[in-house]
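In: Could you look at this predicted model? Sequence included:
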Amino acid sequence: MCSNDPRSLPAFRYGFLDSAPHASTVPLTASEADRASVRAAVTLALTLPGDTLLYLLLPIYAATFGVSLPEAGLLLAANRLVRIVGYSWVGRFYERRGARAACIVAAVGAAISTFSYAMLSGLWPLLVARLIWGLSFAAMNLANQALPTGVAEGAARRNGRSRAIIAVGPTVGLIGGAVMAHFLGPRSVFLTLSAIACVAPIIAAGIPHRLERPIPGGPRFERPGAISLWSFALGFTMDGLFIFGLGLLAAASYPKGAVLAAGAAMALRYAVEVAFSPLGGHLAHHYGARRILVLASLGASAGLALLSSDGWLLWCAMVATIVLRALTQPLTAPLVAEAYPGPERVRALARQATWRDIGAGTGPLAAGFLFQIATPLAIYGGAALLLATTSIMLLRLSPPTRQKQG
């Protein structure tokens, strides 16, 4: 016999976009946060390869997609640029509808954008696809920071595990996609990835339908504090200059297999995250997120400074920088959650992600200009100084419950 109690009816009868009263505002338990963060991470892992492969394949196969190299650069930057303004929209949607609705909508958008890479050509159609992906990633990225930190107990450990799960997708996608593109062309890669991405909304539907307690409205884009400045520096140096230079170095070292070499180099970055992100979360759980993050960032700064060398020292510096970057990945969200406890962390996480995207968006643009006019010593030395300075600023943060700006 069917019950007339609305709570017994399937969630889809109400529509997964509905908010209260169908969604509960009761906080997640630790076990629920564990399961929810895993599902959000798998959702992003299934959809992220479409974006990472585009960074690899679009510059090399620009003519196949009907765009010039400058247009390819614009397309690769578009998803980050739209997130600079889009995180405020995504943050409001997340607060009103919850993580499940945000992830389902985002996963559908990601599948559509990846399918577009397989079927469409020309700047404007692909630009629309990139804008869709940018907002989709913003929603999934916010969920993958907010859900693991929803319960203070084990937040760093939970976030480290999530980062490792997420990194599996790009690692496998870059290696398999590079091989497939080498033999079958780039379109077949994105067609395959779009089919895989269609599984993501099903995974996201299992995330608990919970809402954060509403908080008073306020500005989401504030004057940057220590966390925001560090996020910008990390995006500019590690996501911008370093990744840009990593691809150049791999392609220059193995010119005959540029796609395979660049794909392997980019896959290494994510493979290291799989191995070391849980370690970063474990260390933060025992010794504190801020302490480990500052130490890892200072170590990464030293690695950046040594990238202007050559021979074995260069390769040691590259591997060390990649490893230390992986250690920092799961630590940002716990640090923000400490500074902004409770529901306020959602907006703070969105603000932090905005500043990182500003850095990551301007980093490659600056790299394309700087690598033509400046020496590697000046480029990487300046990057190291910027990251080290903002890392030290984190030591001067006010007590967590009193932090006002991030």
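Out: In hand now; what should we look at? Because the structure is predicted, anything quoted here is derived from the model rather than measured.
In: Just want the most central residue of this structure.
Out: The chain has Asn141 as the residue nearest its centroid, 5.8 Å off, counting by C-alpha atoms, centre = their mean.
In: Could you find the closest non-adjacent residue to that residue?
Out: Ala353 (6.1 Å; C-beta to C-beta, 6 or more residues apart in numbering). Every residue, glycine included, has its C-beta placed from N, CA and C.
In: so that neighbour touches Asn144, yeah?
Out: No. Contact criterion C-beta atoms under 8 Å: Ala353 and Asn144 do not qualify, at 10.4 Å.
In: if we can go back for a sec, which pLDDT value belongs to the residue nearest to the centre of the chain?
Out: If you check Asn141, the pLDDT there is 94.
In: secondary structure element for it?
Out: If you go by DSSP states H and E, Asn141 is part of helix 123-146.
In: That helix - contacts with which helices or strands?
Out: Under the contact criterion of 3 or more C-beta pairs under 8 Å, 6 or more residues apart in numbering; DSSP states H and E, helix 123-146 touches helix 30-47, helix 49-60, helix 69-119, helix 155-184, helix 332-339, helix 344-373.
In: Need the ones you listed in JSON lines (columns: mean neighbour count).
Out: Shown next, in JSON lines, are the helices and strands packed on helix 123-146 (neighbours: other C-beta atoms under 10 Å):
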{"stretch": "helix 30-47", "mean neighbour count": "23"}
{"stretch": "helix 49-60", "mean neighbour count": "23"}
{"stretch": "helix 69-119", "mean neighbour count": "21"}
{"stretch": "helix 155-184", "mean neighbour count": "23"}
{"stretch": "helix 332-339", "mean neighbour count": "27"}
{"stretch": "helix 344-373", "mean neighbour count": "21"}
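In: Among those, show the one with the smallest mean pLDDT.
Out: Among the helices and strands packed on helix 123-146, helix 344-373 has the lowest mean pLDDT, at a mean of 84.
In: So what's the residue count around the closest residue to Val179 other than its chain neighbours?
Out: In this structure, Val179 finds its nearest non-sequential neighbour in Leu260, 7.2 Å apart by C-beta to C-beta, 6+ apart. If you count neighbours by other C-beta atoms under 10 Å, Leu260 ends up with 16.
In: Quick check: Leu260 vs Arg345, distance?
Out: Separation of Leu260 from Arg345 (C-beta to C-beta, to the nearest Å): 41 Å.
In: my guess is Asn144 contacts Ser37, does it?
Out: Yes. With contact defined as C-beta under 8 Å, Asn144 counts as touching Ser37 (7.2 Å).
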